[in-house]
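Undergrad: with the input below, show me the fold.
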Amino acid sequence: MKYVRVDELDFEKSGGLIPVVAYDGRTKEVLMLAYANKEAVERTLTSGYAHYFSRSRNKIWMKGETSGNVQRVLEVLVDCDNDSLIYVVEQEGVACHTGNRTCFFRKLVL
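TA: This next block holds a predicted model:
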């Protein structure tokens, strides 16, 4: 497997933020989609817990910081363009702020 340094990620393509998919390594569920800036990614790598950047609050937050529903990061995967990530996590509790296990609990219809 090839390794990528944080400095190689392309944060500028999307205004300083890159999309991050949280994926449960145990259940194989896609849990959520969020965004991260460089500092959030660095905090994730140094702490071992998922950090994201809140576009509405304009600040970095650790998943589960207040709810206790933390995501322990097992590995971080980088896409081929260096502009999006997958956090492979162990989810504690639910991932979605609605109380659902995953944010993807609905199906789209015409």
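Undergrad: flag every buried residue along the helix or strand harbouring residue 23.
TA: According to DSSP states H and E, residue 23 maps onto strand 18-24. Using 16 or more other C-beta atoms under 10 Å as the test for burial, strand 18-24 gives 18, 20, 21, 22, 23, 24. All C-beta spots, glycine's among them, are computed from the backbone N, C-alpha and C.
Undergrad: that one - contacts with which helices or strands?
TA: strand 30-36, strand 85-91 (3 or more C-beta pairs under 8 Å, 6 or more residues apart in numbering; DSSP states H and E).
Undergrad: so residue 45 sits in a strand?
TA: No. Under DSSP: H, G, I helix; E, B strand; the rest coil, residue 45 falls outside any strand and is assigned helix.
Undergrad: tell me the contacts of it?
TA: 6, 73, 76 (C-beta atoms under 8 Å, 6 or more residues apart in numbering).
Undergrad: out of these, who's nearest residue 82?
TA: Within the contacts of residue 45, proximity to residue 82 (C-beta to C-beta) peaks at residue 6, which comes in at 10.1 Å.
Undergrad: got the phi and psi for the closest one?
TA: Main-chain torsions, residue 6, degrees, to the nearest 10: phi -60, psi -40.
Undergrad: now swap in the one 10 residues further on and tell me
TA: Geometry field for residue 16 lists phi and psi as phi 100, psi -10, criterion degrees, to the nearest 10.
Undergrad: can you get me a residue count around the residue lying closest to residue 22 once chain neighbours are set aside?
TA: Spatial nearest neighbour of residue 22, chain neighbours left out: residue 31 (4.3 Å); criterion: C-beta to C-beta, 6 or more residues apart in numbering. Residue neighbour count, defined by other C-beta atoms under 10 Å, stands at 24 for residue 31.
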